[in-house]
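# Here is a sequence with its predicted model. Questions after.
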Amino acid sequence: MNGRAELALRFAGPHVSVQDAGRPGFLRYGVPASGPMDRLALAAANLALGNPAGAAGIEVSPGGLVLECLSGAVGFAVAGGGFIVDHAGHRGGGWRTATLRSGQGLAIRSGPWGSWCILALAGRMEVAHWLGSAATHAASGFGGGLLKAGMRLVVDETRCPAPRAIPFPVFARPRGALRVTLGPQERFFEPEAVAAFLAGPWRMTDARDRMGVRLAGPPIPPRGALDTPSEPVARGSVQVAGDGVATVLLADHQPTGGYPKIATVLDCDLDAFVQSRPGDLLRFRPVSATEAVDLARIHAATQYRYLEALRRARQST
């Protein structure tokens with residue numbers, strides 16, 4: 001029987017927020033799409049509970065999250081990076097579902113790998129929407145919002161599905177090589193700078209948030225004055241400022257930018273990329289536009305089969 005649960009947030013680290021699948025289609029109006037850093041994690045956690053794949057969940061950063069169920073009961077799922085989950089006397093990893101009952105606490109903390117995870121709840125969270133989406137734009141707070149200690153969260157139409165493990169897809173792991181297409185503005189860089197960009201290695205830094213991450217590596221300064229007109233940018237764009245530092249744009253990226261973009265990370269590599277941690281090393285591997293399309297299609301088909309298997313498994317229980 002559907003019910004209602006009330007949760008109290010006892011602790012929430014930086015960047016912990018409500019996220020759904022995002023609000024595409026508004027970049028033309030200057031509104032970022034936002035949505036989860038790891039889109040696969042959101043879909044997997046939701047489908048494991050019987051929710052729509054893009055339903056609102058809680059995105060947890062390495063700072064962690066602690067909450068308590070004040071009343072009712074609600075099923076939950078944790079997916080994404082290798083975070084540690086403490087619940088009802090059990091301490092283990094994510095990628096599983098369970099039920100949080102009145103009086104019980106749930107703590108999610110950074111584990112052996114990964115930078116983001118999703119806590120999905122079996123029901124409908126009562127959260128604010130902006131332009132039809134609960135996805136939080138971190139800089140403005142619009143959407144479901146950033147979560148802080150002391151807040152209460154209400155979940156309607158709750159369900160308590162049977163606990164189960166969520167199969168972990170190997171393609172969700174962070175990797176040391178990111179596939180890129182060069183450009184659209186590699187012409188603003190000397191051939192030696194492009195070669196240095198591809199040779200690397202690059203190191204993830206702690207200068208990161210939901211908007212993007214700065215990389216440490218060989219200097220690749222653009223040539224000439226940075227006076228190009230602002231133009232649309234994409235999730236995965238690798239922008240290079242005048243200091244020669246490369247930044248990969250992520251979920252909350254700005255709609256336009258004037259810094260030249262030396263390359264674009266393939267979208268199908270971004271969910272795994274965001275699970276990298278400061279200090280991790282990576283290299284960029286160039287592929288042609290044709291190869292990029294083929295790789296995107298292969299990834300989409302693989303991910304579809306995985307998510308459909310989760311959907312069918314929940315429907316059969």
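Looks like it arrived, so ask away.
# all contacts plus neighbour counts: C-alpha atoms, from now on.
Fine.
# Need phi/psi at the most centrally placed residue in the chain.
Central residue of the chain (C-alpha atoms, centre = their mean): Met37, 1.4 Å from the mean position. The phi/psi pair for Met37 (degrees, to the nearest 10) reads phi -60, psi -40.
# which residues touch it?
Trp116, Arg210, Leu250, Ala251, Asp271, Val274 (C-alpha atoms under 8 Å, 6 or more residues apart in numbering).
# Doesn't the fifth one belong to a helix?
Meaning Asp271. Yes. Counting by DSSP: H, G, I helix; E, B strand; the rest coil, Asp271 falls inside a helix.
# What is the burial count for it?
22 (other C-alpha atoms under 10 Å).
# do the same with the fourth one
As a burial measure, Ala251 scores 25 neighbours (other C-alpha under 10 Å).
# gap between the closest residue to it other than its chain neighbours and Thr290?
In this structure, Ala251 finds its nearest non-sequential neighbour in Ser34, 4.9 Å apart by C-alpha to C-alpha, 6 or more residues apart in numbering. The gap separating Ser34 from Thr290 is 28 Å, by C-alpha to C-alpha, to the nearest Å.
# The two: who's more crowded?
Neighbour count, other C-alpha under 10 Å: between Ser34 and Thr290, Ser34 has more, with 27 against 10.
# hang on, isn't that one packed against Arg23?
Yes. Under the criterion of C-alpha atoms under 8 Å, Ser34 makes contact with Arg23 at 6.8 Å.
# Mutual contacts of the two, please.
Jointly contacting Ser34 and Arg23 under the rule C-alpha under 8 Å, 6+ apart are Ala135.
# biggest strand in the protein by residues?
If you go by DSSP state E, the chain has its longest strand at strand 105-121.
# Would you mark the buried spots in it?
By 16 or more other C-alpha atoms under 10 Å, the buried positions in strand 105-121 come out as 105-111, 113-121.
# then that strand to PDB, C-alphas only?
Extracted as PDB, the C-alpha positions of strand 105-121 are listed here (Å, rounded to 0.1, in the frame of the first residue of the first chain):
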ATOM      1  CA  GLY A 105      19.100   6.400  10.200                       C
ATOM      2  CA  LEU A 106      20.900   6.300   6.800                       C
ATOM      3  CA  ALA A 107      24.400   7.500   6.300                       C
ATOM      4  CA  ILE A 108      26.200   7.700   3.000                       C
ATOM      5  CA  ARG A 109      29.900   8.500   3.000                       C
ATOM      6  CA  SER A 110      32.800   8.500   0.600                       C
ATOM      7  CA  GLY A 111      34.200   5.100   0.000                       C
ATOM      8  CA  PRO A 112      37.100   3.500  -1.900                       C
ATOM      9  CA  TRP A 113      36.400   5.100  -5.300                       C
ATOM     10  CA  GLY A 114      34.100   7.600  -7.000                       C
ATOM     11  CA  SER A 115      33.000  11.200  -6.500                       C
ATOM     12  CA  TRP A 116      29.200  11.100  -6.800                       C
ATOM     13  CA  CYS A 117      26.300   8.800  -6.000                       C
ATOM     14  CA  ILE A 118      22.600   8.900  -6.100                       C
ATOM     15  CA  LEU A 119      20.100   8.200  -3.400                       C
ATOM     16  CA  ALA A 120      16.700   7.400  -5.000                       C
ATOM     17  CA  LEU A 121      13.500   7.000  -2.900                       C
END
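# residues in contact with the closest residue in space to Gly217 that isn't next to it in sequence?
Leaving aside its sequence neighbours, Gly217 sits nearest to Trp202 (C-alpha to C-alpha, 6+ apart; 4.7 Å). Residues in contact with Trp202 (C-alpha under 8 Å, 6+ apart) are Leu215, Ala216, Gly217, Pro218, Leu281, Leu282, Arg283.
# how close does Trp202 sit to Glu68?
Noted for Trp202: a distance of 40 Å to Glu68, by C-alpha to C-alpha.
# ditto for Gln254
In terms of C-alpha to C-alpha, Gln254 sits 35 Å off from Glu68.
# In terms of secondary structure, what does the helix or strand where Ala79 lies contact?
In the assignment (DSSP states H and E), Ala79 maps to strand 73-87. With contacts taken as 3 or more C-alpha pairs under 8 Å, 6 or more residues apart in numbering; DSSP states H and E, strand 73-87 sits against strand 3-12, helix 39-49, strand 90-93, strand 96-101, strand 105-121, strand 152-158.
# State the next helix or strand along the chain beyond the last one.
For strand 152-158, the following helix or strand on the C-terminal side (DSSP H and E) is strand 177-182.
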